[in-house]
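[1] just coords:
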């Protein structure tokens, strides 16, 4: 699971769409590791408008796929918008590395049916702020 912390909130994407919480506030608890991608000059208002557009286009809940369009894809996209930097490739490459193994290929039909929703987040909605 990856997410982006910006403007004092944590934002992430799963099968429920784009969600937010207080940093470390999901039931997954505090992160195992944190990668500092730097600071942003993007205002909170502009960022929330950007998230709203992502939630209506690229990151709709039905677009989620555990291997090809997941929390890492979201975190990478948002990181580039905020800082011009990508998240580390050892994170974004992990799903393809798993699928490259015989075990990953054997499990793919089952894993493709999984809809991950991170417990403890609030679905992001621009019209209602964070609901």
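    Yes, it's here. Not measured: the values here are computed from a predicted model. Numbers count the residues shown, from 1 in each chain.
[2] correct me, but residue 59 touches residue 14?
    No - the pair residue 59 and residue 14 does not pass the contact test of CB atoms under 8 Å, sitting 9.9 Å apart. Bear in mind the C-beta positions are built from the backbone N, C-alpha and C, glycine included.
[3] Bridged to residue 12, which residues?
    residue 19 (DSSP bridges).
[4] where do the helices sit along the chain?
    44-56, 71-83, 89-92, 94-99, 102-111 (DSSP state H).
[5] out of those, deepest packed?
    For the helices of the chain, the largest average neighbour count (mean count of other CB atoms under 10 Å) is found in helix 71-83, namely a mean of 20.
[6] tell me how far it is from the chain's mean position?
    8 Å (CA atoms, centre = their mean, to the nearest Å).
[7] now that helix and helix 44-56, what's the angle there?
    For helix 71-83 against helix 44-56, the angle by axes from the mean of the first three to the mean of the last three CA atoms, to 10 degrees is 150 degrees.
[8] Which strands and helices lie in contact with helix 71-83?
    With contacts defined as 3 or more CB pairs under 8 Å, 6 or more residues apart in numbering; DSSP states H and E, helix 71-83 has these neighbours: strand 4-6, strand 9-14, helix 44-56, helix 89-92.
[9] Identify whichever of those lies nearest to residue 79.
    For the helices and strands packed on helix 71-83, proximity to residue 79 was assessed by CB to CB; strand 4-6 is nearest, at 6.2 Å.
[10] quick check: mean pLDDT across stretch 71-85?
    Mean pLDDT, computed over stretch 71-85, is 97.
[11] same question but for stretch 45-56, I mixed them up
    Here the average pLDDT along stretch 45-56 is 96.
[12] which residue lies farthest from the center of the protein?
    Most distant from the centre of the chain: residue 102, at 26.8 Å, with distances by CA atoms, centre = their mean.
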